[in-house]
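K.L.:
sequence unavailable; structure follows:
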């Protein structure tokens with residue numbers, strides 16, 4: 001089935017998933033990074049202190065994610081998706097009224113959990129479970145919400161911050177979630193059958209049993225490092241790259257503009273990856289995932305000028321575009337679709353744990369006068385190593401298992 005025919009046939013459920021991936025932006029690091037300078041001033045924080053706070057908030061969300069994420073395998077999709085949307089709304093409202101460091105901390109926990117964690121989890125789990133032969137296309141289309149948010153929101157938020165207090169901007173975000181996202185979400189899903197209930201596992205295995213089965217799989221250790229590298233480094237680097245951009249000769253305006261290149265390549269890579277997965281399998285393509293990102297890091301290290309910012313962001317966007325589609329398809333291929341929600345939330349939690357460490361690490365290195373160039377070189381080396389490890393996941397190595 002062509003992309004166009006598939007979209008026409010499944011437009012309602014695909015729009016539902018795109019809505020979630022787009023609105024997950026409000027819990028993503030690329031958007032929260034725009035508010036970091038205001039957080040530092042309003043709450044009198046250093047980079048290291050805020051990085052630690054952000055890391056703890058992210059870890060807290062990661063601890064909660066497996067428990068909350070597995071409920072998508074147990075309750076109707078309409079009910080589950082509404083809970084996630086309301087959680088995101090509450091987080092935005094709390095951020096808008098933050099009067100103390102403690103309220104900022106709780107708001108960050110909820111934004112990371114409901115935004116980065118559960119919103120993308122809801123979209124990807126639904127697509128991976130509902131579609132089989134067209135799974136790659138469904139995942140790649142649903143992932144379009146990520147780059148659209150990355151292309152549109154940074155410039156819009158930066159513009160609003162020129163004329164409004166940062167808390168007023170969050171009040172506007174809360175209003176959009178309440179009066180646009182939730183009504184649209186309900187209109188799209190209220191007539192859909194409970195696809196989760198139709199295909200949920202009928203066995204008596206517990207969540208713990210499923211987790212044990214995943215970690216016993218001999219392929220899992222080769223998957224985890226490559227899965228962790230993109231969110232780990234992107235979270236740490238994106239959080240501080242506006243503040244540290246001068247190390248590479250970039251201005252804040254150049255970095256903001258480069259997000260457009262990031263978004264465009266993420267869209268293109270995501271759309272290309274769908275048919276490729278349907279044809280070659282996610283396992284076969286997985287070892288190629290980290291190549292563009294590693295190349296982008298090296299270009300930022302060894303080349304100067306505004307153009308390098310655009311190439312760097314474009315190549316990182318390419319890896320994230322592939323990753324958004326590839327990961328969920330890989331879980332379905334390796335572990336099956338009956339427990340896809342449980343597996344998806346488990347790996348999402350592991351990923352979020354990794355993103356919790358990077359803000360502290362990058363913030364600490366910057367506070368200790370380690371240049372952004374040196375940090376990017378470290379990122380490139382570790383990314384290349386994890387890419388080499390992931391080769392072991394290819395089907396050719398599984399014949400003896």
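P.N.:
Perfect, thanks for sending it. Source: prediction; values computed, not measured.
K.L.:
looking at the protein, which helix or strand is least sure?
P.N.:
helix 195-199 (a mean of 44; mean pLDDT, DSSP states H and E).
K.L.:
list the contacts for the residue most central in space within the chain?
P.N.:
In the chain, the residue lying closest to the centroid (CA atoms, centre = their mean) is residue 116, at 5.7 Å. Going by CB atoms under 8 Å, 6 or more residues apart in numbering, residue 116 touches 24, 27-29, 61, 352, 355. Glycine gets a C-beta too; all of them are placed from N, C-alpha and C.
K.L.:
how about residue 239?
P.N.:
If you count contacts by CB under 8 Å, 6+ apart, then residue 239 has 29, 32-33, 36, 51, 54, 358-359, 362-363 around it.
K.L.:
how about the helix or strand containing it: buried residues?
P.N.:
Per DSSP states H and E, residue 239 falls inside helix 220-244. Residues 220, 222-244 are the ones in helix 220-244 that count as buried (16 or more other CB atoms under 10 Å).
K.L.:
same deal with stretch 97-112?
P.N.:
Applying 16+ other CB under 10 Å to stretch 97-112 flags 98, 104-112 as buried.
K.L.:
kindly report the same for stretch 330-346.
P.N.:
330-335, 337-346.
K.L.:
and those residues, which two are furthest apart?
P.N.:
The span of the buried residues of stretch 330-346, defined through CB to CB, is set by 333 and 345 at 17.7 Å.
K.L.:
and the contacts of residue 239 as CSV, adding pLDDT and distance to residue 2?
P.N.:
Formatted as CSV, the contacts of residue 239 follow (pLDDT from 0 to 100; distance: CB to CB, whole Å):
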residue, pLDDT, distance to residue 2
29, 82, 35
32, 91, 38
33, 85, 38
36, 90, 43
51, 81, 46
54, 87, 43
358, 83, 39
359, 78, 42
362, 86, 43
363, 82, 47
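K.L.:
tell me which other helices or strands the strand or helix carrying residue 148 touches.
P.N.:
Here residue 148, judged by DSSP H and E, is contained in helix 145-163. Contacts defined by 3 or more CB pairs under 8 Å, 6 or more residues apart in numbering; DSSP states H and E place helix 145-163 against helix 11-23, helix 29-32, helix 166-176, helix 252-280, helix 306-335.
K.L.:
return the most buried member of those.
P.N.:
Ranked by mean neighbour count under mean count of other CB atoms under 10 Å, those are led by helix 306-335, which reaches a mean of 24.
K.L.:
between helix 145-163 and that one, find me the angle.
P.N.:
Angle, helix 306-335 to helix 145-163, by axes from the mean of the first three to the mean of the last three CA atoms, to 10 degrees: 140 degrees.
K.L.:
pLDDT of helix 306-335, averaged?
P.N.:
Taken as a whole, helix 306-335 has a mean pLDDT of 88.
K.L.:
how much space separates the residue nearest to residue 296 when sequence neighbours are not counted from residue 131?
P.N.:
Computed as CB to CB, 6 or more residues apart in numbering, the closest residue to residue 296 that is not its neighbour in sequence is residue 315, at 3.1 Å. Residue 315 is 29 Å from residue 131, where distance means CB to CB, to the nearest Å.
K.L.:
what secondary structure does residue 337 sit in?
P.N.:
Of the three states, residue 337 takes coil under DSSP: H, G, I helix; E, B strand; the rest coil.
K.L.:
from residue 126, how far out is it?
P.N.:
11 Å.
K.L.:
what's the answer for residue 252, then?
P.N.:
37 Å.
K.L.:
and residue 297, by the same measure?
P.N.:
33 Å.
K.L.:
the more surrounded of these two?
P.N.:
Neighbours per residue (other CB atoms under 10 Å) separate residue 297 from residue 126, with residue 126 holding more: 28 against 25.
K.L.:
for residue 10, list the residues it contacts.
P.N.:
131, 138.
K.L.:
one step back: contacts only, for the residue nearest to residue 296.
P.N.:
265, 292-293, 295-296, 299.
K.L.:
narrow the residues you listed to those in helices?
P.N.:
Mapping these onto helices (DSSP state H) picks out 265, 292-293, 295-296, 299.
K.L.:
between those, which sits nearest residue 138?
P.N.:
Of the ones in helices among the contacts of residue 315, the one sitting nearest to residue 138 (CB to CB) turns out to be residue 265, at 20.8 Å.
K.L.:
who's in contact with the closest one?
P.N.:
314-315, 317-318, 321.
K.L.:
and the pLDDT for it?
P.N.:
For residue 265, the model assigns a pLDDT of 90.
K.L.:
next one: the one 4 residues further on
P.N.:
Residue 269 is assigned a predicted lDDT (pLDDT) of 89.
K.L.:
chain neighbours aside, what residue packs nearest to it?
P.N.:
residue 321 (2.9 Å).
K.L.:
ditto for residue 142
P.N.:
Using CB to CB, 6+ apart, the nearest residue to residue 142 is residue 17, at 3.4 Å.
K.L.:
and for residue 86?
P.N.:
Per CB to CB, 6+ apart, closest to residue 86 is residue 182, 7.4 Å.
K.L.:
is it true that the one you found touches residue 84?
P.N.:
No. The pair residue 182 / residue 84 is not scored as a contact, 10.4 Å apart, by CB atoms under 8 Å.
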